[in-house]
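Enquirer: Sequence and predicted structure, then a few things I'm wondering about:
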Amino acid sequence: MSSDLVDPTKIVLPKKLRPSDGRFGSGPAKVRSEAVNRLAKKSDTFLGTSHRRDSVRAVVGKIRDGLSDFFSLPADYEILLGNGGATAFWDAAAFGLIEKKSEHAVFGEFSAKFASLVQAAPHLDDPRVENSEPGTRPAVVADGQVDTYALTHNETSTGVVMDIKRVSPGLMLVDATSAAGGLRINPEEFDVYYFSPQKAFGSEGGLWVAAFSPAGIERIASIAASSRWVPPSLDLGIALENSRLNQTYNTPSLATLFLLADTVEWMNENGGLEWTASRCDKSAAAIYGWAESHEMATPFVHEEAARSHVTATIDFDGVDATLIAAALRANGIVDTEPYRKLGRNQLRVALFPIIDPDDVVILTKAIDFIIEVLTK
Ligand SMILES: *Cc1c(COP(=O)(O)O)cnc(C)c1O
């Protein structure tokens with residue numbers, strides 16, 4: 001076991017074991033400096049201007065068109081956006097997408113949060129919940145009573161991915177908050193694919209973005225036409241009207257919009273989703289391959305196909321992962337701590353497309369170096 005005498009914050013990594021960028025957090029995650037610099041250059045004419053005028057609406061238009069290209073959306077799908085991030089979108093979905101009864105695949109903190117808010121919603125039936133242990137994924141069960149299936153493409157708290165496959169009939173609602181941008185997806189398999197831009201898309205928080213199929217749009221319309229009361233800021237009908245005008249119902253963060261537009265453009269110019277997903281594949285191969293051959297490390301997720309290529313979780317045995325994370329942090333390599341409520345001897349490393357796969361390789365070598373010092 002690791003020596004109690006070594007102060008991890010005193011470990012100094014040699015220069016060649018320092019990645020070009022030290023941000024490996026799962027969200028907020030690494031933001032491209034190029035995008036920030038461009039924002040700084042445009043700050044006098046963009047920041048502090050009306051979000052209902054052309055210069056900001058053009059940026060929203062760029063986001064909506066750019067994401068339609070990025071996800072190869074069919075022509076009748078639409079990109080909607082609003083304030084409040086994925087968490088607010090859960091509330092909006094409970095008001096405006098679930099008719100009566102939903103089914104939730106619950107396999108970690110984020111999927112559990114959505115299920116429990118629906119459970120508490122007085123206007124909805126108790127949801128059907130399919131649970132599985134952290135590190136695994138549940139099966140989605142077709143249920144004739146269910147009108148909405150709530151899936152999570154990447155459970156960020158555990159590093160487990162789900163296959164997104166349509167269950168008919170029913171609206172397929174997918175939390176893609178940390179998946180969108182880095183994991184391949186077939187738009188035919190979802191009706192609503194929603195996310196926040198501070199994870200794989202390397203922007204800031206506070207916004208939700210969602211790709212809607214025609215059935216998703218229809219569901220908004222049918223619930224809006226019913227007698228259900230919906231708070232306006234969570235009303236997806238209002239969000240739809242505003243999104244079609246390339247604006248949000250209330251004031252958005254202009255910096256968030258700008259950084260998102262810039263990164264979507266960068267991703268599309270480099271080859272789109274296939275390119276970003278391939279980068280994530282490379283990073284995943286590097287970190288899982290390293291962990292599998294390491295004496296003290298193992299991928300937390302045993303089933304290989306369930307291992308996330310956007311957020312890797314690695315268990316340690318014989319060395320305290322808290323000390324590794326502290327040593328990394330002291331060397332400018334931040335946010336590798338595991339999801340706090342999981343309570344495992346673990347590191348969690350984001351593999352988002354903005355993160356250079358070579359940096360992931362260097363990170364594994366840096367961890368080797370730190371373990372060597374801690375356990376000698
Ligand atoms: C981060 C995250 C959320 C919450 O996103 P916010 O922008 O903080 O609301 C929801 N679901 C998943 C899967 C996430 O990773």
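Expert: Noted; the coordinates are in hand. Numbering: from 1, shown residues only.
Enquirer: rest of the way, CA atoms for contacts and neighbours
Expert: Will do.
Enquirer: V129: helix or strand, and which one exactly?
Expert: V129 belongs to strand 128-131 when assigned by DSSP states H and E.
Enquirer: R64 now?
Expert: Element membership for R64, per DSSP H and E: helix 54-70.
Enquirer: Check which element follows that helix along the chain.
Expert: Following helix 54-70 in sequence, per DSSP H and E, is strand 78-83.
Enquirer: Could you tell me how many residues sit around the residue lying closest to I314 once chain neighbours are set aside?
Expert: Leaving aside its sequence neighbours, I314 sits nearest to P299 (CA to CA, 6 or more residues apart in numbering; 4.6 Å). Applying other CA atoms under 10 Å, we find 23 residues neighbouring P299.
Enquirer: and if you look at the one 5 residues further on?
Expert: Using other CA under 10 Å, E304 has 10 other residues around it.
Enquirer: Roughly how far does it sit from A179?
Expert: Taking CA to CA, to the nearest Å as the measure, E304 falls 17 Å from A179.
Enquirer: L374 now?
Expert: 34 Å.
Enquirer: Compare these two (neighbour count), which wins?
Expert: More crowded of L374 and A179, by other CA under 10 Å: A179, with 28 against 22.
Enquirer: mind listing what the more buried one touches?
Expert: For A179, the contacting residues are H153, N154, A200, V310, by CA atoms under 8 Å, 6 or more residues apart in numbering.
Enquirer: Tell me who's in contact with the second one.
Expert: For N154, the contact set (CA under 8 Å, 6+ apart) comprises V160, V161, M162, D175, A176, T177, S178, A179, S308, V310.
Enquirer: Could you pull up phi and psi at the closest residue to it other than its chain neighbours?
Expert: The shortest distance from N154 to any non-neighbouring residue, by CA to CA, 6+ apart, is to V161 (4.5 Å). Per-residue torsions, V161: phi -100, psi 150 (degrees, to the nearest 10).
Enquirer: shouldn't V161 be in contact with P138?
Expert: No - in this structure, V161 is not within contact of P138 by CA atoms under 8 Å, at 10.6 Å.
Enquirer: Could you check which of these two is surrounded by more residues?
Expert: V161 (25 against 16).
Enquirer: And the more buried one, how far from S68?
Expert: 23 Å.
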